[in-house]
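Trainee: Mind looking at a prediction? Sequence and model below.
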Amino acid sequence: MAYTHEVLSIVLVCFVGYAVSAGTTRGTTVYHEPSISAGIRFGYDAVLHYLIAQTSGTCFMAPLNHDEMDHIHTTRGLEDLEIKMVREWIGQFAETRIYHGDPNLPEDTRKMCSNRDIFLLQRDVDTSSPLSPLATAQP
């Protein structure tokens, strides 16, 4: 009797396994879409007071006004400005190409953006903010 009970348990487990596997695709080719990932890394250039967004192939630099320069040093300041840069600045303002050999490009920014195209976002910052030494001519 105990032996019969064990055999029935095994048969039941096999049946349940078969029933569950019947719900999967058998005999057909399943194509899996490859995983895609991307990331943006942000930094703050304390020399020029620019927020920098770094992607795999591009660096975007945006001048900050005085309020933003103060806010970036608060608990959520960098995160707030990151969101604002992605939503409101990139793709909305004219972009000026900056070359790696530009003598006004700080060394830390040059290293962060090495092997990437660099673009300065032409934001109208508060008039009390200093003008950028990188792009003196308007596009």
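Mentor: Everything's here; your move. Numbers count the residues shown, from 1 in each chain.
Trainee: What distance separates the opening and closing residues of stretch 53-70?
Mentor: 19 Å (Cα to Cα, to the nearest Å).
Trainee: buried set for that stretch?
Mentor: 53-54, 59-65, 68-69 (16 or more other Cβ atoms under 10 Å). Glycine gets a C-beta too; all of them are placed from N, C-alpha and C.
Trainee: Let's see which of those residues end up in helices.
Mentor: Under the assignment DSSP state H, the buried residues of stretch 53-70 contribute 68-69 to helices.
Trainee: Report the two members of the buried residues of stretch 53-70 separated by the largest distance.
Mentor: Gln54 and Asn65 (21.7 Å; Cβ to Cβ).
Trainee: In this structure Ser56 contacts Ala38, no?
Mentor: Yes - with contact defined as Cβ atoms under 8 Å, Ser56 counts as touching Ala38 (6.9 Å).
Trainee: Spit out the contact partners of Leu64.
Mentor: Applying Cβ atoms under 8 Å, 6 or more residues apart in numbering, we find Leu64 in contact with 49-51, 72, 81, 125, 129.
Trainee: Sort out for me which of these are in strands.
Mentor: 50-51 (DSSP state E).
Trainee: Kindly indicate which of the contacts of Leu64 lies nearest Phe93.
Mentor: Closest to Phe93, out of all of the contacts of Leu64 and judged by Cβ to Cβ, is Val125, at 10.8 Å.
Trainee: Just the pLDDT for the closest one.
Mentor: Val125 is assigned a predicted lDDT (pLDDT) of 84.
Trainee: How about Ser35?
Mentor: pLDDT recorded at Ser35 is 88.
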